[in-house]
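Asks: the sequence and its predicted three-dimensional model are supplied below.
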Amino acid sequence: MQLDIPFIWTAFTEIIKALPLTLLIAFTPILLGLIIGIAVAFIRINNYKVIAPLANFYVSFYRGTPVIMHIFIIYFGVPIIFESLFGISLNFLPIAIFVIIALTLNAGAYLSEIIRSGILSVPKGQIDAAFSIGMTNFEMLKRIVLPQAFASAIPNLTNILIGFLHATSIAFLVSVKELTGVANIVASSNLKFLEAFIAAGIIYWGVTVLIELIAHFVEKKVTAYSNTGVARN
Amino acid sequence: MGTFFEPSLIFTSIPKLLSYLHITIEILVLSVALGLLLGILIAVPKLYNVPILKEIMTVYISFIRGTPILIQLFLVFYGLPVVVGLFGVDITRMDPFYFVIITYTLSNAAAFAEIFRAAIKSVDYGQTEAAYSVGFTAWQNFYRIVFPQAIRVAFPNIANTSISSLKDTSLAFSIGVMDMMGRGDTLISATAHALEIYLALSVIYYVIVLIFERCFKWIERYLNRYILKEESSL
């Protein structure tokens, strides 16, 4: 077996066409999951009866099982539910929708943990101070807690973004045509597996490095006014 | 795939799947143990600022961090035979189990290397100076001063990496390893019920993760036994 280096480029141009779909599958769940995450984080912080244990179980279950299970269970489970309850067949839906649903639920669990630790990182004295000068609950959150919580959550958020970009590769197992899926098609139709996966690897690596650079830039902006650590920054 | 949902199948398939649990655990234990060793080798050039080697390790860590484990699995599975083929060794017929071990070791090692580096950097250099000033050798300093403090910082991250590695082993079946997922696949073909099998697998993974988390908590408390609690210091 010989490595066909020019074919890596051919494969690269072929595979990169799947990048928009990959980014869609990776980032839609994070945006939707943010809503679930905020709701779940507030339920857990305020420790509401009955729903707080449910929220705890949701987070712990999603963090304790592999992503591939979430995708498979939604992919096989949701159509069964719809067919037996409403008699509707979901065959017309693109498979990517199921992956997005699965990853959204997953994102909700991971993001709620990040939001929770971000909010808990703001000292309680600041909240008392905000109330003492007459801020409402909403003003306190918007002007005091959330900006600081966001700043301290950026490194974790970056990891989540990268984690989800990489998790989309699993969607190929339910035959979604994202980066890995297309790489697999290119590989098996030309019988050049190594070259195709090298090309896919380079694309993932490139996007990851780009996300890290952007995150670094945003973190500098957001923490520009912070006054912590051992040196002025 | 059947249209009916049979909850009883979840319970009957769990024992069948559990009989393949040892493969999953073997992959995990071997790749974490080897990953810890390789991780030390990768961290050393960065800690001691060895030129060239340091840059190679940085690129290596960035590559592992930048690509999905599935892609790494395929790269090792298809790439390693080509690489060793250059030396005239033929491993194309090797058991996929070993490819999985190699991939997860390489992947874990990169994560562990970063964890070690951060943990050792978290110990103040003044302590090393103090150790030298009372006549410790470099090894004594590492073994008795730096290591016990660094492991305290590193352990929670090592535990997290190990747990996500456990979850990642569920992808090994994609190159044909007969672990729990692989067995699940054959059960699905036999019963034509996918959802029940995947629910059973989720339950198994969840329980194992919970057990691991409990054990790691316990070890963490042991490693922190010298740290005074805030309440007790009052």
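Replies: Sure thing, it's come through.
Asks: can we go C-alpha only for contacts and neighbour counts from here?
Replies: Noted.
Asks: give me the nearest residue to B:Ile23, chain neighbours excluded.
Replies: B:Asp179 (5.4 Å; Cα to Cα, 6 or more residues apart in numbering or on different chains).
Asks: so which bits of chain A are right by chain B?
Replies: Within chain A, the residues that sit near chain B (Cα under 8 Å from any Cα of the partner chain) are A:1-3, A:61, A:64-69, A:72-73, A:76-77, A:80, A:162, A:166-167, A:169-170, A:180, A:193-194, A:197-198, A:200-202, A:204-209.
Asks: so how many other residues sit close to the residue nearest to B:Ile23?
Replies: 26 (other Cα atoms under 10 Å in any protein chain shown).
Asks: also B:Pro15?
Replies: For B:Pro15, the count of nearby residues is 13 (other Cα under 10 Å).
Asks: do the same with B:Met94
Replies: 11.
Asks: how much space separates the residue nearest to B:Ile23 from chain A?
Replies: Distance from B:Asp179 to chain A, counting by Cα to the nearest Cα, to the nearest Å: 14 Å.
Asks: which ones are touching that residue?
Replies: B:20-21, B:23-24, B:172-173 (Cα atoms under 8 Å, 6 or more residues apart in numbering or on different chains).
Asks: repeat that for B:Val153.
Replies: B:Val153 sits next to B:119, B:122 when contact means Cα under 8 Å, 6+ apart.
Asks: at 7 Å instead, please
Replies: The contact partners of B:Val153, taken as Cα atoms under 7 Å, 6 or more residues apart in numbering or on different chains, are B:Ala119.
Asks: likewise for the one 10 residues further on?
Replies: Listed by Cα under 7 Å, 6+ apart, the contact partners of B:Ile163 are B:Val209.
Asks: remind me which helix or strand it belongs to.
Replies: Following DSSP states H and E, the helix or strand that holds B:Ile163 is helix B:147-168.
Asks: next, the buried residues of that helix.
Replies: Applying a neighbour-count criterion of 16 or more other Cα atoms under 10 Å in any protein chain shown, one finds B:147, B:149-159, B:161-168 buried in helix B:147-168.
Asks: please compute how far that helix lies from its chain's middle.
Replies: 9 Å (Cα atoms, centre = their mean, to the nearest Å).
Asks: and stretch B:194-213, by the same measure?
Replies: On the basis of Cα atoms, centre = their mean, stretch B:194-213 sits 18 Å off its chain's mean C-alpha point.
Asks: what are the contacting residues of that stretch?
Replies: For stretch B:194-213, the external contacting residues (Cα under 7 Å, 6+ apart) are A:61, A:64-65, A:69, A:72-73, A:76-77, B:1, B:7, B:9-10, B:13-14, B:163, B:184, B:188.
Asks: give me that answer again for 6 Å
Replies: A:64-65, A:73, A:76-77, B:10, B:14, B:188 (Cα atoms under 6 Å, 6 or more residues apart in numbering or on different chains).
Asks: so which strand or helix has the closest residue in space to A:Ala55 that isn't next to it in sequence?
Replies: Among residues not flanking A:Ala55 along the chain, A:Val40 sits closest, at 6.1 Å (Cα to Cα, 6+ apart). Per DSSP H and E, A:Val40 falls inside helix A:19-46.
Asks: pull out the buried residues from that helix.
Replies: A:19, A:22-23, A:25-30, A:32-38, A:40-44.
Asks: much appreciated, bye for now.
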